[in-house]
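Engineer: Could you work out the structure for the sequence below:
(3 chains)
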Amino acid sequence: MQRMIAATLREVSFYGAVAFFVVLTAFPFYWMVITSFKSNSDLYNVTNIPFWFNEAPTLEHFRYLFEQTLFVRWLLNSLIIGTCVVAITLLAALPAGYSLARLTGRGGEALGIGIFLTYLVPPTLLFLPLSRIVANLGLQNSMWSLVLVYPTFTIPFCTWLLMGFFKAMPVEIEEAAIVDGCSRFGAFIKMVIPLSLPAILTAVIFTFTLTLQEFVYALTFISSTAQKPITLGVATDLIRGDIFFWGEIMAGALIASIPVAIAYNSFLDRFIEGITGGAVK
Amino acid sequence: MVDLVEPIAAKQAPRYRFLLDRREVLGAIFVTPAILYVLLLVGVPFLLAVYYSVSAYTIYDPSWRFVGLANFRQIVQNPVFLETLGNTFLFTFASQLLGLILGKFGALLLLRPFPGRKLVRALIILPWAVPIALASVAWEWMFDSLYSVINWTLIALGVIDRAQAPNWLGNPHLAMLCVIVVNAWRFFPFAIVIFLAGITAVPQDIIDAATVDGAGFWRRNYQIILPMILPIVAIGLIFGVVFTFTDLSVVYLLTNGGPVGATSVLAFEGFQVGIVSGDVSHGAAISLFMLPVLFLVVIGMLRFIRRREI
Amino acid sequence: MAAVLARDIFKTFGELPAVDGITLTVPDGEFMVLLGPSGCGKTTFLRIVCGLERQTAGDLIIGGHVVNDVPPRARGVAMMFQSYGLYPHYTVRNNIAFPLKTQRVARAEIDRKVGWASRLLGIDHLLDRRPRQLSGGERQRVALARALVREPTALLLDEPLSNLDAKLRASARQDIKHFQQRVGVTTIYVTHDQVEAMGMGDRIAVIDHGRIRQVGTPAAIYDDPADRFVATFVGSPPMNLLARGDGYLGFRPENFLPKSMASNGNGGVTEFSFRVDRSEYLGSERIVYGVIDGFDTQVITAKLPPAHVAEESIRQGEWHTFAVRNSTLRYFGNDGKRISRH
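Structural biologist: Residues are numbered from 1 along each chain as shown, chains lettered A, B, ... in the order given. From the prediction side, this is the model:
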């Protein structure tokens, strides 16, 4: 009997702990969701129970967001920025990752680590000189400044990710292609790239999410509403005077968060594979 | 013995015909775009930042006049700066510690399969996945002076009454606490992922051997598993420390450095001085203070890993 | 004209010499086996011949042309890798066709040659499958077809049987040798398995530490080893070597028999006093371990036929008289090299 009590207690405390973690992580998002659908009169009433609807849920915040703000424009900006940055990043990181994995020896390892260390150089140090450079190039207050600057961290990151994947690929297929008549470059195009599409997809997804998550450079370079990417717009532009439009802010945050959350979930395993390929020997 | 027959035509290939096949040539070409990008847009700005810090450059007076270490001296003599420096350390190490502890326990929980584990895993990733600015805004709303759901809950539970309801972001000590909590909340899913990756990489034979040798749960955990996952945890910690120490998003959105600079951190100061006020040289100097600390942390941790590496 | 000629090939990786001066001639149509233990440099040498590595010094001449700085595709070689290296995202047909496509051969010609190669290897019913749908033996045939389809000057094989289980290995050995003889392509085959080498090679090059110890027909390698390494590497169990002051006396286990079984032959026999310590009955033969009087520290093996052995002549723990025919004795100097002696 005692053993059963002890076992039940253990189970209860286990699930209790799990519940604690779930509430801790998910509550802010629950809060985001429910705020988006609550009418203003419901929200701004201190006596109302905040955890559920006291009045009927409403779509007014979403309507306002789409009709009265530049939310759609912000979404479009982020889409354009993301796509361009992905293209630039792949063009630089794919060959670089392959070169560091296959074509260079000792010097290559050091170079790889060097490139990766630049990922650790803080944007809050570089933003000052970069803002001057961006101004000199006439890109101040334009979203194209972000397209220029974002690859500075997406390229090192993706180079490292792809390098890990390429190292794990068996080299015989490329060698067979070389013996069968390809040049090294041809083997890269015809064999390596088609066979590493999952890795490339992972790199694309993570690059895209990295551009969506970025805040510092966007805050520094862009001030006019129409040029803002989605994260900056939702966080800073839904304020009139001193008043925060919480309903709209949460609605916008929700819409902006969902794709990133889905992407991370689907690709987390691949991402871990790519990282630990290097770290855990 | 077959004698060596001289080749009929000692036909050597022309030097440049197969240039692109050579490893060194192709390797160098492939790596060049990435290196160029990094050199031009990271290396050069870095050098520029250093130069700004020893010049008298502001956006109103873009002079390249060399002033030596005057900027640094002025900054250090400012009492606000020391407070900022202290805040940055507090903010970083408290949130990383909290995040690590939560991460370790979360990982242990997730190791064991239970119904709904996939869903729990998906939810737990959220704080890390979602853009930091959006999450910070959600917390800002949760800490709102009037409508804070936390306060509402505390009042409803009878712990406090309306008059005592804390103004989370308006009180210097509470504000720092909030900022620390939000950052820890953001970091711990990453810590969970790192711990899980490390623990699952420990070969089962070693754990089994330890069990047969008589090691109980705690001993197994702390004397066998922990040392083996130390390298990967250390790397995760390096990332966490670097990104937290140099972060300004959470502070900017939650408290804007307030109240009265109580939560101002180095990165935020650098932004205020360098960008908002336009005093580029002092801003650069402030930002550069982040570097030695970062450098020391990274080196220290790498040394620590190397010594403990199996 | 030799198909492949390697002259003083050296290859160092940093400080380590992987290939330490190999000179080898492979005549047209020959099946040459490179035999040696792991790490002896045979695979490195093969990769140099192929063009996947470049030698540090020395000349390589294939089909009459100096190919030192020429990439693999222009050398006229084809290679079969240890794990076959089949292209997973192509069908079998496209795998075999690939070497022809890279040379811009006409479509009709490609189809003809792919048909020929796949029929030769009995895989023409698999042409539309993908590598992952094939068994190990089938994959090997596809790899071979892909290598042969170009009618190369030299066919290089890197331990192709090591991934097969023992039963398949014997039939695969048979297949490879059969195709090679039918097509008549010059072949260089790398292995560490001396049974493969002896069974397949027209000539064998025994390699150790980056150097060739001996090149010769299987019979020459077995009966007339050039040094101690070759003598003990080939043959299972290895040749017995008695260490005497002025060198070594060598005799193979199957020649070391109880006196009553050793026939006289030419030149008579040499007798030994032999104490049997242990014997293993393996069905097809009997291996007996023991020591020779006066050489207590050395374990000597004898390989006896399973039947016709009087139990008393190999009783454990007792001393018996064993003998070796003098014509099968081999002498080696202290430097390891073989010396003729009468």
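
Engineer: neighbours of the residue in chain B positioned nearest to chain C, just the number please.
Structural biologist: Nearest residue of chain B to chain C, counting by C-beta to the nearest C-beta: B:Asp21, 4.3 Å away. C-betas here are computed from N, CA, C, even on glycine. For B:Asp21, the neighbour count with other C-beta atoms under 10 Å in any protein chain shown is 22.

Engineer: Quick check, central residue of the chain?
Structural biologist: All of this refers to chain A. Nearest to the geometric centre of chain A sits A:Thr209, at 2.1 Å (C-alpha atoms, centre = their mean).

Engineer: Sorry, I should have been clearer: chain C.
Structural biologist: Taking C-alpha atoms, centre = their mean, chain C has its central residue at C:Ala197, 2.8 Å away.

Engineer: from what I can see that one touches C:Pro218, true?
Structural biologist: Yes. Contact criterion C-beta atoms under 8 Å: C:Ala197 and C:Pro218 qualify, at 7.4 Å.

Engineer: Overlap in contacts, those two.
Structural biologist: Common contact partners of C:Ala197 and C:Pro218 (C-beta atoms under 8 Å, 6 or more residues apart in numbering or on different chains): C:Ile204.

Engineer: Point out the residues in the stretch 201-310 of chain B that sit beside chain A.
Structural biologist: B:201, B:231-232, B:235, B:238-239, B:242, B:245-249, B:252-253, B:266-267, B:270-271, B:274-275, B:280, B:283-284, B:287-288, B:290-291, B:294, B:298 (C-beta under 8 Å from any C-beta of the partner chain).

Engineer: Which residues of chain C lie near chain B?
Structural biologist: Checking chain C against chain B by C-beta under 8 Å from any C-beta, the hits are C:1-2, C:5, C:7, C:23, C:25, C:27, C:61, C:64-71, C:74.

Engineer: So which of those belong to strands?
Structural biologist: Those of these mapping onto strands are C:Ala2, C:Leu5, C:Arg7, C:Thr23, C:Thr25, C:Pro27, C:Ile61, C:His65, C:Val66, per DSSP state E.

Engineer: pLDDT (mean, whole number) over the helix or strand where the residue nearest to the centre of chain C lies?
Structural biologist: Assigned by DSSP states H and E, C:Ala197 belongs to helix C:194-200. When pLDDT is averaged along helix C:194-200, the result is 91.

Engineer: Would you confirm that C:Cys50 contacts C:Val77?
Structural biologist: Yes. Between C:Cys50 and C:Val77 there is a contact under C-beta under 8 Å: 5.5 Å.

Engineer: the more surrounded of the two?
Structural biologist: C:Val77 (26 against 23).

Engineer: Tell me who's in contact with the more buried one.
Structural biologist: Residues in contact with C:Val77, defined by C-beta under 8 Å, 6+ apart, are A:Val179, C:Val49, C:Cys50, C:Gly51, C:Ile62, C:Pro152, C:Thr153, C:Ala154, C:Leu155, C:Leu156.

Engineer: Tell me which ones among the residues of chain C next to chain B also neighbour chain A, please.
Structural biologist: C:Pro71.

Engineer: Now, of the residues of chain C next to chain B, which are buried?
Structural biologist: Buried by 16 or more other C-beta atoms under 10 Å in any protein chain shown: C:2, C:5, C:25, C:27, C:61, C:64-71, C:74, out of these.

Engineer: Next secondary structure element downstream of the top strand by length along chain B?
Structural biologist: The residue-count maximum for a strand in chain B (DSSP E) belongs to strand B:62-66. Proceeding N to C from strand B:62-66, the next assigned helix or strand is helix B:70-77, under DSSP H and E.

Engineer: now the following helix or strand past that following helix against helix B:70-77, angle please.
Structural biologist: Next helix or strand after helix B:70-77 toward the C-terminus (DSSP H and E): helix B:79-111. Here the directions of helix B:79-111 and helix B:70-77 differ by 80 degrees (axes from the mean of the first three to the mean of the last three C-alpha atoms, to 10 degrees).

Engineer: after helix B:79-111, next one along is what?
Structural biologist: helix B:117-129.

Engineer: for that next one, what is the average pLDDT?
Structural biologist: 86.

Engineer: any idea how far that helix is from the chain center?
Structural biologist: Taking the mean of its C-alpha atoms, helix B:117-129 sits 20 Å from the chain's own mean (C-alpha atoms, centre = their mean, to the nearest Å).

Engineer: Output the contacting helices and strands for it.
Structural biologist: helix A:2-37, helix A:246-279, helix B:79-111, helix B:172-201 (3 or more C-beta pairs under 8 Å, 6 or more residues apart in numbering or on different chains; DSSP states H and E).

Engineer: quick one, the first one and helix B:117-129 angle?
Structural biologist: What it means is helix A:2-37. Using the same axes, to 10 degrees: helix A:2-37 against helix B:117-129 is 50 degrees.

Engineer: What ranges does the stretch 1-150 of chain C have for its strands?
Structural biologist: Assigned strands in the stretch 1-150 of chain C, in chain order: C:2-13, C:16-27, C:31-35, C:57-62, C:65-66, C:77-80 (criterion: DSSP state E, counting those that start in this stretch).

Engineer: Same check on chain A?
Structural biologist: A:239-240, A:243-244.

Engineer: count of neighbours near the residue of the stretch 101-250 of chain C found nearest chain A?
Structural biologist: Per C-beta to the nearest C-beta, C:Thr102 is where the stretch 101-250 of chain C lies closest to chain A, at 3.0 Å. Neighbour count for C:Thr102, taken as other C-beta under 10 Å: 18.

Engineer: That one: what's it in contact with?
Structural biologist: C:Thr102 makes contact with A:Asp180, A:Gly181, A:Cys182, A:Gly186, C:Arg73 under the criterion C-beta under 8 Å, 6+ apart.

Engineer: Next: C:Arg132.
Structural biologist: Applying C-beta under 8 Å, 6+ apart, we find C:Arg132 in contact with C:Pro88.

Engineer: one step back: what subset of the residues of the stretch 201-310 of chain B next to chain A is buried?
Structural biologist: B:231-232, B:235, B:238, B:242, B:245-249, B:252-253, B:266-267, B:270-271, B:274-275, B:280, B:283-284, B:287-288, B:290-291, B:294.

Engineer: got the domain boundaries for the chain?
Structural biologist: This is for chain A. With domains defined by automatic domain parsing, chain A comprises A:2-58, A:67-279.

Engineer: Sorry, I should have been clearer: chain B.
Structural biologist: B:19-53, B:79-145+B:172-308.

Engineer: Mind listing the shared neighbours of C:Cys50 and C:Val77?
Structural biologist: A:Val179, C:Leu156.

Engineer: Looking at the helices and strands packed on helix B:117-129, which is nearest to C:Gln180?
Structural biologist: helix A:246-279 (40.3 Å; C-beta to C-beta).
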